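In: what follows is a predicted protein model with its sequence.
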Amino acid sequence: MGLGKPKSEGGDGVPEVRQWDPFAAGEQEYPITTYQPVYYIAKSFADAKSTMQEFSSSFARPFHVRFNPLTQTLEIDGNVDLVEPNKA
């Protein structure tokens, strides 16, 4: 059996390869009883990064987060309630 839809289910056992699209990948169904039927492939790491940045900037959120490399912390611009991690 290959990595796609099993032959017993009418497939050829070969997964489908698609251009990296996080919008489509987020809607793709992945049955838990079979191998992964679809793989998303980016042209390059730079392409994957820019596509992911475009995807993440499409979310509506009332704040902005920036990473400060000098202090190794996240800076949050906006009114956000922070949740303290469990100190177990």
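Out: Arrived safely.
In: check which helix or strand residue 55 maps to.
Out: Assigned by DSSP states H and E, residue 55 falls within helix 45-57.
In: please apply the same query to residue 17.
Out: Per DSSP H and E: strand 16-19 holds residue 17.
In: just checking, what packs against that strand?
Out: strand 38-41 (3 or more CB pairs under 8 Å, 6 or more residues apart in numbering; DSSP states H and E). (Glycine included, C-beta is placed from N, CA and C.)
In: what's the strand it packs on packed up against?
Out: Using 3+ CB pairs under 8 Å, 6+ apart: strand 38-41 touches strand 16-19, helix 22-27.
In: so which of those is nearest residue 47?
Out: Nearest of those to residue 47, taken as CB to CB: strand 16-19 at 9.4 Å.
In: tell me the mean pLDDT over the closest one?
Out: For strand 16-19, mean pLDDT rounds to 92.
In: buried set for that strand?
Out: For strand 16-19, burial by neighbour count (16 or more other CB atoms under 10 Å) applies to no residue.
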